[in-house]
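A.B. asks: fold the following for me, if possible:
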Amino acid sequence: MPHSRPGRHSGRNRLEAALQGAIPAMLLRTLSSDDSAALQVERAATPTAPALLAAAQSDDAATRVELQALYTRCLQTYRDAVRPHDTDHDDAGAALALFVAANLRAVNGTEVTAPMLDALERQLRGLTRRSADWDAASPEQRQVFFERTAILGVLMTGNHAKASTQGAGPLAEVRRIASRYLEQLLGLNPKLLTLGPAGLAMRSR
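C.D. replies: Predicted structure coming up:
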């Protein structure tokens with residue numbers, strides 16, 4: 001399964017840029033926060049992130065078509081296998097938790113349980129709402145944010161599973177990509193982060 005390159009996605013919007021810029025300053029102060037309000041997004045009739053991600057990855061028309069189909073399948077996999085109970089609405093907090101957990105697993109080998117994922121989601125809800133001005137974002141910005149996050153979470157999960165059967169080289173490449181994703185999102189060295197029953201925390205030095 002081909003990977004998506006960090007840092008080149010035109011699918012990123014104002015919401016994501018604000019989140020990336022604000023999280024580093026807030027993360028250490030708010031890791032213990034808990035926000036019970038879900039980041040729900042009304043589901044769009046037609047996804048937009050697959051085309052945006054594909055366009056950011058290649059200038060070749062045929063390649064873009066293939067990538068768009070891949071990203072569309074990833075989004076459908078997320079909805080069918082990860083969140084089948086979400087119907088009319090999607091949950092951006094759940095998608096962001098999966099994305100962070102998948103990348104932490106690739107970097108640190110963290111085996112994520114359902115309670116760990118729930119705790120992480122509650123933390124990220126609060127961070128997203130406060131850091132990225134979620135409530136002021138447009139429905140379109142929220143939907144692209146959700147779709148992109150869900151796609152890349154599924155993609156990283158699949159890439160890591162595949163690389164784990166291919167040897168040290170492919171696994172190191174996936175680990176490098178996952179590290180960059182986490183550094184871009186959180187502004188912290190992912191090797192200093194741990195994920196446990198209480199959620200995300202800083203590793204004791």
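A.B. asks: quick check: Lys162 vs Arg148, distance?
C.D. replies: Here Lys162 is placed at a distance of 21 Å from Arg148 (C-beta to C-beta, to the nearest Å). No exception for glycine: its C-beta is placed from N, CA and C like everyone else's.
A.B. asks: got the contact list for Phe146?
C.D. replies: By C-beta atoms under 8 Å, 6 or more residues apart in numbering, Phe146 lies in contact with 41, 90-92, 95.
A.B. asks: and those residues, which of them are buried?
C.D. replies: Neighbour counting over these (16 or more other C-beta atoms under 10 Å) leaves 41, 90-92, 95 as the buried ones.
A.B. asks: more neighbours: which of Lys162 and Arg148?
C.D. replies: Set Lys162 next to Arg148 and count neighbours by other C-beta atoms under 10 Å: Arg148 wins out with 27 against 14.
A.B. asks: where do the strands sit along this structure?
C.D. replies: Taking DSSP state E as the test, the strands found in the chain are 40-42, 89-91, 193-196, 199-202.
A.B. asks: any low-confidence regions in the chain?
C.D. replies: 1-36, 131-132, 204-205 (pLDDT under 70).
A.B. asks: measure the residue at minimal distance from the centre of it to Ala49 for me?
C.D. replies: Closest residue to the average C-alpha location of the chain: Phe99 at 3.1 Å, with C-alpha atoms, centre = their mean. Separation of Phe99 from Ala49 (C-beta to C-beta) stands at 13 Å.
A.B. asks: also Asp86?
C.D. replies: According to C-beta to C-beta, Asp86 and Ala49 sit 16 Å apart.
A.B. asks: now the lengthiest helix in the chain: how far from the chain's centre is it?
C.D. replies: The helix that spans the most residues within the chain, counting by DSSP state H, is helix 139-163. How far helix 139-163 lies from its chain's middle: 5 Å, per C-alpha atoms, centre = their mean, to the nearest Å.
A.B. asks: next: stretch 126-133.
C.D. replies: Its chain's C-alpha centre and that of stretch 126-133 lie 15 Å apart, by C-alpha atoms, centre = their mean.
A.B. asks: cool, and stretch 60-78?
C.D. replies: Using C-alpha atoms, centre = their mean, the distance from the centre of stretch 60-78 to the centre of the chain it belongs to is 17 Å.
A.B. asks: fine, thanks again, bye for now.
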